[in-house]
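Chemist: generate coordinates for the sequence data below:
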Amino acid sequence: MVSSGSQQERNPDGSPAKPNPLFKPHPMQGWSPDFIPKLTADAIDTGVISRVITIAGADAMNWSRSLAQEEGIFVDITAGGTFAGATEVCKSAKLGDTILAMLPDTGERYLSTPLFGDIGFDMNEEELKISNSTPNHRMPPKAA
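Modeler: Now for the predicted structure:
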């Protein structure tokens, strides 16, 4: 909605009068409700935002899973989207630039969402191998 330049219809107090006509559902909870928040619109109006990067929901989910599987950073879909945006910024960064990407939410509340829908209940062969490699630091098997 923001990258389209669509204006948000507002009530006199600044609250949204109705949903933005360009809103489309997406999997990133917490990002972009069906309106452009006044704070966001105010920031845009100041001209301090130089670039808006849109991230597809599937890309955000892939980055979230990759962060968990490859880096041990258990985050939600929006954090995956934030990280995807940061990697896009890195492509045009100059040597010595510093890029900050804050990933403040944990993935635990999204275990029953499509983010982790393809993760099996039982450990796979690779996960069992890792678990068995640390015999003094694992949970004992359940009694049958």
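
Chemist: any idea which element the spatially most central residue of the chain lies in?
Modeler: When Cα atoms, centre = their mean is applied to the chain, the residue found nearest the centroid is Thr78 (1.8 Å). Per DSSP states H and E: Thr78 is located in helix 77-91.

Chemist: show me how far that helix is from its chain's centre.
Modeler: From the chain centre to the centre of helix 77-91 is a distance of 8 Å (Cα atoms, centre = their mean, to the nearest Å).

Chemist: tell me which helix or strand comes right after that helix.
Modeler: helix 125-132.

Chemist: give me the buried positions along that next one.
Modeler: Going by neighbour count (16 or more other Cβ atoms under 10 Å), nothing in helix 125-132 comes out as buried. (Each C-beta comes from the backbone N, C-alpha and C, glycine too.)

Chemist: how far is it from where the chain is centred?
Modeler: On Cα atoms, centre = their mean, the centre of helix 125-132 falls 28 Å from that of its chain.

Chemist: great, nothing more from me.
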